[in-house]
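[1] I'll drop the sequence and a predicted model, then ask my questions.
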Amino acid sequence: MNAAMPLDGDMSTTYTNKDNVKRIKAVMSESKFNGFFPDRHSIYTYDGFLEAAAKFDAFCGEDHTYGSNNDAGHKEACKKELSTLFAHFKQESNNLEVIREYGCPDTHGHCDYTG
């Protein structure tokens, strides 16, 4: 399995053409995204999520689990990748409600994790 590597450049006009974005859209609609994160901060949008995902071809782009190179296998693998990512969103950003980690300064400084 290859690690997802970001693509360089502006994806704002081309991201919807990416195979992994098409796959994400097929398994998770905008209304489902909105339902998962109803109280999210306004900075987090479905289109913003898709544009970010487009920068990582391997995210929802490969069938890592099912060993077949077919669309059904890719979609099942994508569902697992999305569920893992969304669990992280829930834990680390309170369902995308915050844009800064709790207890960190409001400036661009770094958090003090020394306890």
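    Cool, got the structure. Residues are numbered from 1 along each chain as shown.

[2] only C-alpha atoms for contact and neighbour calcs from this point on.
    Fine.

[3] who's in contact with His74?
    Contact analysis of His74 by C-alpha atoms under 8 Å, 6 or more residues apart in numbering lists Arg23, Cys60, Gly61, Glu62, Asp63.

[4] tell me the SS of the third one?
    Spelled out, that is Gly61. When the structure is reduced to helix, strand and coil (DSSP: H, G, I helix; E, B strand; the rest coil), Gly61 reads as coil.

[5] That one: how many residues sit nearby?
    Residues lying near Gly61 (other C-alpha atoms under 10 Å) number 22.

[6] was I right about it contacting Lys18?
    No: with contacts counted by C-alpha atoms under 8 Å, Gly61 stays clear of Lys18, the gap being 9.3 Å.

[7] Tell me, how many residues neighbour the closest residue to His41 other than its chain neighbours?
    The shortest distance from His41 to any non-neighbouring residue, by C-alpha to C-alpha, 6 or more residues apart in numbering, is to Glu97 (4.8 Å). Number of residues near Glu97 (other C-alpha under 10 Å) recorded here: 18.

[8] Now do the same contact list for Glu97.
    Glu97 touches Asp39, Arg40, His41, counting by C-alpha under 8 Å, 6+ apart.

[9] Name the secondary structure element that contains the nearest residue in space to the first one that is not next to it in sequence.
    Right, the one you point to is Asp39. If you skip the residues right next to it in sequence, Asp39 has Glu97 as its closest partner in space, 6.2 Å away by C-alpha to C-alpha, 6+ apart. Per DSSP states H and E: Glu97 is located in neither a helix nor a strand.

[10] so what's Glu97 scoring on pLDDT?
    The pLDDT attached to Glu97 in the predicted structure is 92.

[11] With Ala77 instead?
    Model confidence at Ala77, given as pLDDT, is 87.

[12] Regarding it, what is its secondary structure?
    Relying on three-state DSSP, one would call Ala77 helix.

[13] cool, and the one 4 residues further on?
    Put simply, Glu81 is helix when judged by three-state DSSP.

[14] What's the per-residue pLDDT of the spatially closest residue to it that is not a sequence neighbour here?
    Spatially, and ignoring its direct neighbours in sequence, Glu81 is nearest to Cys60 (6.7 Å; C-alpha to C-alpha, 6+ apart). Model confidence at Cys60, given as pLDDT, is 91.
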